[in-house]
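Asker: 3D model of this:
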Amino acid sequence: KTIQTSSEQTTKPLQNETMSSSFSSLNEAAGGGGKTERVASLLQYAKTNHETNPTESLTALLEAMRLSAPNPQRGEEAANAAMARVRATVGDDIADHVLDVDSRRQRAVEVVRQLLSDESTILFEQGREDILRQTMEDGSSIVCSKCGGVVPSGRWQQHQRFWCDAIETEEENHDMAMAE
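Answerer: Below you'll find the model as predicted:
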């Protein structure tokens, strides 16, 4: 079994299967699907993919723990306790990698939830929020962890190199530092 290192992960978008699994919770955010079904889906994903996608399976289990707890604080406590066990069993490098993937997935889900409820977007104005939800669920788009933009999966690398708004900010900060 191989596990990608953090440096390899930063150059690639999250696995489409994970994103599809993660963004199916958007149905719940938009009023569809229940918590029980979501937990069952996450557990099924982890069970069927643990050998081929161990990192994504662990992040699915962490999300299931968060959702199945009676309140958000208890869910985070359960997920943190599980990560402590992972860290003790497999070491810091792998545990840090799992946490990195999990935090990016959580951030992506939150960005999409915000976009779905943003009344200033063209999709919202036209009543077509379902398009954004569908692209995230089917894995054809991802959320950039640097700028928060929604990017077609096929254009991910070009976005990182040329179009990401975070590139300009990084260059401006570098130029300002050089001027000082």
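
Asker: show me where this protein has strands.
Answerer: 141-143, 150-152 (DSSP state E).

Asker: out of those, which comes closest to A78?
Answerer: Among these, strand 141-143 comes nearest to A78, with 25.5 Å by CB to CB. Where C-beta positions appear, they are placed from N, C-alpha and C, glycine not excepted.

Asker: may I see the buried residues of that closest one?
Answerer: 141-143 (16 or more other CB atoms under 10 Å).

Asker: equivalent analysis for stretch 146-159, please.
Answerer: Buried-residue list, stretch 146-159, by 16+ other CB under 10 Å: 147-149, 151, 156, 159.

Asker: determine which two of those are furthest apart.
Answerer: Top of the distance list for the buried residues of stretch 146-159 (CB to CB): G148 and W156, 14.3 Å.

Asker: show me where pLDDT drops low in this protein?
Answerer: Low-confidence segments of the chain, defined by pLDDT under 70: 1-33, 136-139, 169-180.

Asker: can you count the residues close to Q126?
Answerer: 9 (other CB atoms under 10 Å).

Asker: now it: how far from L132?
Answerer: To L132, Q126 is 11 Å away according to CB to CB, to the nearest Å.
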